[in-house]
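Enquirer: Kindly return the folded structure for what I paste below:
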Amino acid sequence: MLRDVYALRSRDTVAAKTPARSQSYLTDSLASMRDAALIINSDGRLVWCNDAAEYLLDITLEEEEGKPFSDVAPGKSLKRYMRKENFQKPLRIKPGPDPEYCLQLEFSRFGANDRLVFIKDVTEQDKLERMRRDFVGNVSHELRTPLTVIKGYIETLQSLMPESDERLVKSLGSMDVQTARMESLISDLLWLSRIESVEGSVKMTSLTWSTYLAMYATS
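Expert: Alright, predicted model coming up:
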């Protein structure tokens, strides 16, 4: 697919002096591809899409042509993404009533400030990533409670243990150190789980370091 896109972009560059001819060639080429693709103009309006894009977006070009793309595939994240015009990272959206259905959009500039957009169905990938985040978060919470109890018993035994019993003092000290390491690891897992959850729900929203530090502090 990347090789095809490179070839299309190269031909588009060669034909830059005849943009109408270039776009016609591009749409003819993309129409035969199995990958979902569409073109929006400099005003952000849909001007063309192939059959695969119609299927994924559940639209018809005849009805949606000329409409703002952010209306064709509604969502605040898409409007922000298009307004910022920072297309270095792909964007994930959930355009339909099904909360599980997830599409990934990859934007590229071409021609007279138009946009070429490739669309991919990433519903299963998104679901697996969510399951992994939830699993890490749940396991971390479940481990935290027994570790707190164990740490409490260790501290109680340390307070009651005579210092003359060096063997037990050393063993309890080692247990205390390992428990602290486990607590630190669980805190890190919870922090990462929270960051991934935030990034998963607002994929292209920038988060400041103060936000990350605040989440880490609450963990």
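Enquirer: which intervals of this protein have sub-threshold pLDDT?
Expert: 1-26, 32, 196-219 (pLDDT under 70).
Enquirer: Counting by contacts, list what the helix ranked longest in the chain packs against.
Expert: Determined from DSSP state H, the single longest helix within the chain is helix 123-160. Secondary-structure packing of helix 123-160 (3 or more Cβ pairs under 8 Å, 6 or more residues apart in numbering; DSSP states H and E): helix 166-201. For glycine as for every other residue, the C-beta is placed from the backbone atoms N, C-alpha and C.
Enquirer: ok and the helix it packs on relative to helix 123-160, angle-wise?
Expert: With axes from the mean of the first three to the mean of the last three Cα atoms, to 10 degrees applied, the angle from helix 166-201 to helix 123-160 works out at 150 degrees.
Enquirer: chain center to helix 166-201, what's the gap?
Expert: 27 Å (Cα atoms, centre = their mean, to the nearest Å).
Enquirer: how about it: buried residues?
Expert: Across helix 166-201, burial judged by 16 or more other Cβ atoms under 10 Å covers 172, 175-176, 179, 182-183, 186, 189-197.
Enquirer: Stretch 72-80 too?
Expert: Using 16+ other Cβ under 10 Å as the test for burial, stretch 72-80 gives V72, A73, S77, L78.
Enquirer: from those, which two are the most distant?
Expert: Using Cβ to Cβ, the buried residues of stretch 72-80 reach their maximum pairwise distance at V72 and S77, which is 14.5 Å.
Enquirer: quick one: the residue lying farthest from the centre of the chain from R34, how far?
Expert: Distance from the centre of the chain peaks at S164, with 56.7 Å (Cα atoms, centre = their mean). Relative to R34, S164 is positioned 78 Å away (Cβ to Cβ, to the nearest Å).
Enquirer: about what we covered before: of the buried residues of stretch 72-80, closest to K120?
Expert: The closest of the buried residues of stretch 72-80, once distances to K120 are taken by Cβ to Cβ, is A73, at 13.3 Å.
Enquirer: Skipping adjacent residues, who's closest to the closest one in space?
Expert: P95 (4.6 Å; Cβ to Cβ, 6 or more residues apart in numbering).
Enquirer: same thing with T60?
Expert: Using Cβ to Cβ, 6+ apart, the nearest residue to T60 is E54, at 5.9 Å.
Enquirer: Find the helix or strand that that neighbour is a member of.
Expert: Per DSSP states H and E: E54 is located in helix 51-57.
Enquirer: now T27
Expert: Following DSSP H and E, one finds T27 within helix 19-31.
Enquirer: The very next helix or strand once past that helix pairs with which strands?
Expert: Using DSSP H and E, the next helix or strand after helix 19-31 towards the C-terminus is strand 36-40. Strands that pair with strand 36-40, judged by DSSP bridges, come out as strand 46-49 (antiparallel), strand 114-121 (antiparallel).
Enquirer: Single out the most deeply packed of these.
Expert: Comparing these by mean neighbour count (mean count of other Cβ atoms under 10 Å), strand 46-49 comes out on top with a mean of 22.
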